[in-house]
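>>> Just the structure for this:
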Amino acid sequence: MTRRLLSAAVAAAALLAPIAAQAQAAGAGATPGAQTSGDSFFPDMGNGGYDVRAYQVSLRFDPTTQQIDAECAITMVAHQDLSELSLDLSGLSVNEVTVDGTSAAFTRSGHKLVITPTTPLAADDVAVVGVEYSGVPQPITDPDASLDGWLRLSTGVVTLNEPNGAMTWMPVNNTLRDRAVFSFEVTAPAALQVSGSGTFHGRRVIPGGLARTTWTTGLIPPHATSIAIAPMRVVRDTVAGRPWRSYLSSGSDPRLPGWSEKAMTWMQRRVGRYPFGSGGLTALPGVPYALEVAARPVVSPDASRATVVHEYAHQWFGDTVVPADWSDIWLSEGLATYFEWIERDRRTPGFSLRQFRNLYANPPASEFWNPAPAALPAPTYLFDNAVYERGAMTLIALRAKIGPTTMSRLLRTWYSANTEKNVTTAQFISLAESISGQDLSGFFDAWLYAAAKPGVPSPPMRKPGVDAPETSGRR
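As a prediction, the model looks like this:
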């Protein structure tokens with residue numbers, strides 16, 4: 001299979017692996033890794049027995065046939081003696097699998113790629129799994145009937161991977177709980193540009209009218225990755241010492257790159273240091289929704305400034321501080337919507353409070369109040385008003401209850417204490433009570449868990465725009 005990426009990854013893994021672990025042989029007690037990560041909404045997604053450290057994807061795309069030919073080197077550390085392990089890969093043909101450069105047996109079962117190494121992996125072993133695969137990627141349908149994964153647009157292709165679409169174009173451990181470093185080397189016709197998540201590492205024209213573009217990321221979950229291949233104009237800048245690259249399709253609003261820069265600097269002052277080494281956005285016609293791709297959100301060419309702010313708020317909450325389970329998605333979408341509203345207050349004084357009041361006017365019997373943000377009954381509600389509007393309303397009400405200065409400290413601490421970690425609603429409630437010095441159990445029961453209209457927060461809602469001073473179709 002593979003030979004350049006795989007050999008480099010195997011060499012790197014050998015340096016990472018402790019000598020004792022390399023020497024240890026998995027005994028007769030080796031067992032298969034779990035074919036689930038235990039997510040309550042997607043129990044068939046993700047896998048157990050190992051954690052991924054890095055993915056190196058080399059992909060060649062032919063826009064005429066829509067076929068990809070790809071190889072992926074996955075560096076992982078075993079957490080048990082593994083007789084077999086699994087990855088998530090939807091469709092596509094697997095041509096060869098290796099473990100540390102040696103061919104391994106594999107089978108396919110639904111979207112599971114089940115791999116049997118020639119020699120079982122021992123606990124704490126660092127191994128490189130190589131997968132060579134090809135085919136025409138197809139999107140998958142979310143529980144809410146929208147499409148995600150590899151999407152074909154009128155001008156090219158884009159991958160929108162939330163919640164489970166990453167597996168439509170690369171083998172992954174498809175779970176929120178296993179973040180890794182990703183490297184994408186994409187070869188496509190030179191007339192097209194390739195945008196991606198993370199940081200741009202070069203574009204080189206090669207024989208055959210092709211160009212090879214490379215992107216790398218920091219530690220992120222699979223759903224925060226993306227590539228887009230299409231005719232696009234590249235807009236470059238430097239923002240706070242970081243390279244900024246935006247990819248705009250024809251007819252895109254020229255204000256989009258500037259809005260992304262302003263959204264980043266505004267959020268950084270309010271919450272804490274921007275978590276990535278670069279930024280920008282990708283604007284493509286026909287995308288079904290905006291998405292918070294790490295360091296480079298994907299939006300439509302006519303996206304609003306509010307949408308850009310929303311997706312940039314996700315860089316902190318959703319891409320860096322990540323829910324431990326998809327049922328806690330309000331910790332991502334509710335916070336992003338809250339900051340979207342608060343940022344609007346700067347340009348439209350009173351916006352967030354009017355939003356709150358207008359939505360609160362829904363009568364008690366309205367479907368708006370059911371379900372509650374942290375009590376979603378099924379994954380069909382992942383992108384429902386409950387997690388966006390009701391989630392943001394919970395935070396507006398919390399700010400009124402504990403005060404704007406305390407609220408600002410809570411959100412800063414929530415980010416700083418949980419950077420590159422997975423979080424739960426219970427943890428958020430605990431931190432809010434600790435920082436405010438209040439028993440907030442009744443408040444959160446009403447606002448997060450009850451499928452009913454909550455009471456108005458006390459003290460009364462403050463005037464909009466009085467948060468603590470600034471210091472240093474979407475998802």
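
>>> separation between Glu420 and Gln268?
Plainly put, Glu420 is 17 Å away from Gln268 if you go by C-beta to C-beta, to the nearest Å. Any C-beta I mention is one placed from the backbone N, CA and C, and that applies to glycine too.

>>> Report the contact partners of Glu261.
237, 239, 244, 279 (C-beta atoms under 8 Å, 6 or more residues apart in numbering).

>>> just curious, which of those residues is nearest to Thr31?
The closest of the contacts of Glu261 to Thr31 turns out to be Gly279 (C-beta to C-beta; 43.4 Å).

>>> Would you mind confirming that that closest one is in contact with Arg242?
Yes. Contact criterion C-beta atoms under 8 Å: Gly279 and Arg242 qualify, at 6.0 Å.

>>> more crowded one of these two?
Gly279 (26 against 17; other C-beta atoms under 10 Å).

>>> Determine the number of other residues adjacent to the closest residue to Gln138 other than its chain neighbours.
Using C-beta to C-beta, 6 or more residues apart in numbering and skipping residues adjacent in sequence, the residue nearest Gln138 is Gly91, 5.3 Å away. Taking other C-beta under 10 Å as the criterion, the count of residues near Gly91 is 18.

>>> now Glu367
Glu367 has 11 nearby residues by other C-beta under 10 Å.

>>> Could you check how far it is from Arg390?
Counting by C-beta to C-beta, the gap from Glu367 to Arg390 is 11 Å.

>>> Could you name every residue contacting both of the two?
Contacts common to Glu367 and Arg390, judged by C-beta under 8 Å, 6+ apart, are absent.

>>> low pLDDT regions in the stretch 351-475 of the chain?
For the stretch 351-475 of the chain, the stretches with pLDDT under 70 are 457-474.

>>> all strands for it, in order.
With DSSP state E, counting those that start in this stretch as the criterion, the stretch 351-475 of the chain has strands at 421-423.

>>> which helices and strands does the helix or strand encompassing Ala336 pack with?
Ala336 is part of helix 330-347, with elements assigned from DSSP states H and E. Under the contact definition 3 or more C-beta pairs under 8 Å, 6 or more residues apart in numbering; DSSP states H and E, helix 330-347 sits against helix 256-271, helix 305-316, strand 321-323, helix 351-360, helix 385-402, helix 425-436.

>>> And Ile396, how far from Val194?
40 Å.

>>> In three-state terms, how would the residue nearest to Thr107 when sequence neighbours are not counted be classified?
Nearest non-adjacent residue to Thr107, counting by C-beta to C-beta, 6+ apart: Val114, 4.9 Å away. Secondary structure, DSSP: H, G, I helix; E, B strand; the rest coil: Val114 is strand.

>>> neighbours of Val114, just the number please.
Going by other C-beta under 10 Å, the residues that sit close to Val114 add up to 18.

>>> For it, give the beta-bridge partners.
Ser86, Thr107 (DSSP bridges).

>>> Now do it against Thr175, distance only.
17 Å.

>>> Could you do Leu331 as well?
Taking C-beta to C-beta, one finds Leu331 at 16 Å from Thr175.

>>> on that earlier part again, please give me every residue in contact with the residue nearest to Thr107.
Val114 touches 35, 84-86, 106-108, counting by C-beta under 8 Å, 6+ apart.

>>> Would you mind checking the residues you listed for buried ones?
35, 84-86, 106 (16 or more other C-beta atoms under 10 Å).

>>> nearest to Arg354, of those?
Gln35 (48.2 Å).

>>> What sits closest to that closest one if chain neighbours are left out?
Nearest to Gln35 is Ser86, by C-beta to C-beta, 6+ apart, at 4.9 Å.

>>> Quick check: that neighbour touching Gly110?
No. Here Ser86 lies out of contact with Gly110, judged by C-beta under 8 Å, at a distance of 10.5 Å.
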